[in-house]
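Colleague: Whatever this is, show me its structure:
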Amino acid sequence: MQPNWLRALACAAALFAGTAHADSYPSKPVSMVVPYPAGGATDVVARAVAERLTQTWGQTVIVENRAGAGTTIGASSVARARGDGYTLFMTTSAHTISGHLYDKLSYDPVKDFAPITLVTKVPLVLVVNPSVPAKSLPEFLAYLKQNGGSVNFASPGNGTAQHLSGELFKIATKSAITHVPYRGDSPAFTDLAGGQVQMMLATITSALPLIESGKLRALAVANGKRVQALRDVPTFAEAGMPGFEAATWFGLLAPAAMPPQQAQRIYEDVSKIVATPEMQTRIEGLGGEVVNSSPQAFAAFMKQEEQKWGRAVKASGAIATQ
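Modeller: Predicted coordinates:
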């Protein structure tokens, strides 16, 4: 058995080594994996954060787009990486959906990742074709009672947040609306604006141009408070349907082996970037709201999201295979 003084010396040496590592981080380029193609909203946010982290750290933060299979390709590569801070992961709500949506995953979306910060949420907005004779959520709910069986709702694909939010809306309103999946936002919006489908719970980022041009009518925002981009549109709660909230989100994760003190250090640096007026304006321009949460708060949020989307996937029967 080691003497007490020797054990104390070993502990002090380990603490010093950890502190020295933290002080020298990063000493080489950092990879930030994005599980979507370049050019999308997630990629835009990731590159804005990466650019400013490069300036802060004096080391290049490289955005790597590893798209496919509902974010699981990118997530799998991060889950296998070392937790040394040189592999980060900017992902979305799809990350907490995937564990329920896919019958086989090589990783656990919660246990195999260390939360760093929830950067922003982009709430969903209920939009309808202007031919629908409803100018408010109460009017639309009345319309569904009479015509629910003939109302279709669009989404950019099975298992997306937009699809699952539609399923939750269907349950909450006890309506008989039918899901029509598309291969992305663009064809979904084309048919929605053309009247082939009647409604959609869409991300504000994607729907905003069509709302502003009058091609779609916004009835309610699925958020706890109004958003700057649609400040004249009430929340679901304000419109008489409390508790209905749904959003896509952009959050920064790392492999689970990352030490908590390193996650905290990265969070503090990212938090300063996200808090700048320039970044806040950019995020609000995407229809989002800045969250900038701590690792602990983000961890709690992810658990809530996993449970919510799990209920939605079960209700929808949307199971995918890899």
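
Colleague: What ranges does this protein have for its strands?
Modeller: Here the chain has its strands, by DSSP state E, at 30-34, 61-65, 87-91, 113-128, 152-155, 178-181, 199-203, 217-221, 247-255, 289-290.

Colleague: name the helices or strands packed onto the last one?
Modeller: Here strand 289-290 touches strand 113-128, helix 277-285, going by 3 or more C-beta pairs under 8 Å, 6 or more residues apart in numbering; DSSP states H and E. Every residue, glycine included, has its C-beta placed from N, CA and C.

Colleague: partner strands of the first one, parallel or antiparallel?
Modeller: Spelled out, that is strand 113-128. When pairs are called by DSSP bridges, strand 113-128 turns out to pair with strand 199-203 (antiparallel), strand 217-221 (antiparallel), strand 247-255 (antiparallel), strand 289-290 (antiparallel).

Colleague: wait, which of the ones you listed is closest to residue 45?
Modeller: strand 247-255 (4.9 Å; C-beta to C-beta).

Colleague: Show the average pLDDT along the closest one.
Modeller: Confidence over strand 247-255, taken as the mean pLDDT, stands at 96.

Colleague: With just CA atoms, put it into PDB.
Modeller: Presented in PDB, the C-alpha positions along strand 247-255 are these (Å, rounded to 0.1, in the frame of the first residue of the first chain):
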ATOM      1  CA  ALA A 247     -38.600  23.300 -32.200                       C
ATOM      2  CA  THR A 248     -35.600  22.300 -34.000                       C
ATOM      3  CA  TRP A 249     -32.400  23.300 -32.200                       C
ATOM      4  CA  PHE A 250     -28.700  23.600 -32.800                       C
ATOM      5  CA  GLY A 251     -26.400  22.300 -30.000                       C
ATOM      6  CA  LEU A 252     -22.800  21.600 -29.500                       C
ATOM      7  CA  LEU A 253     -21.700  18.200 -28.300                       C
ATOM      8  CA  ALA A 254     -18.500  16.200 -27.900                       C
ATOM      9  CA  PRO A 255     -17.600  12.500 -27.200                       C
END
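
Colleague: could you pull out the helices for the stretch 51-200 of the chain?
Modeller: 72-79, 94-101, 137-147, 161-173, 185-194 (DSSP state H, counting those that start in this stretch).
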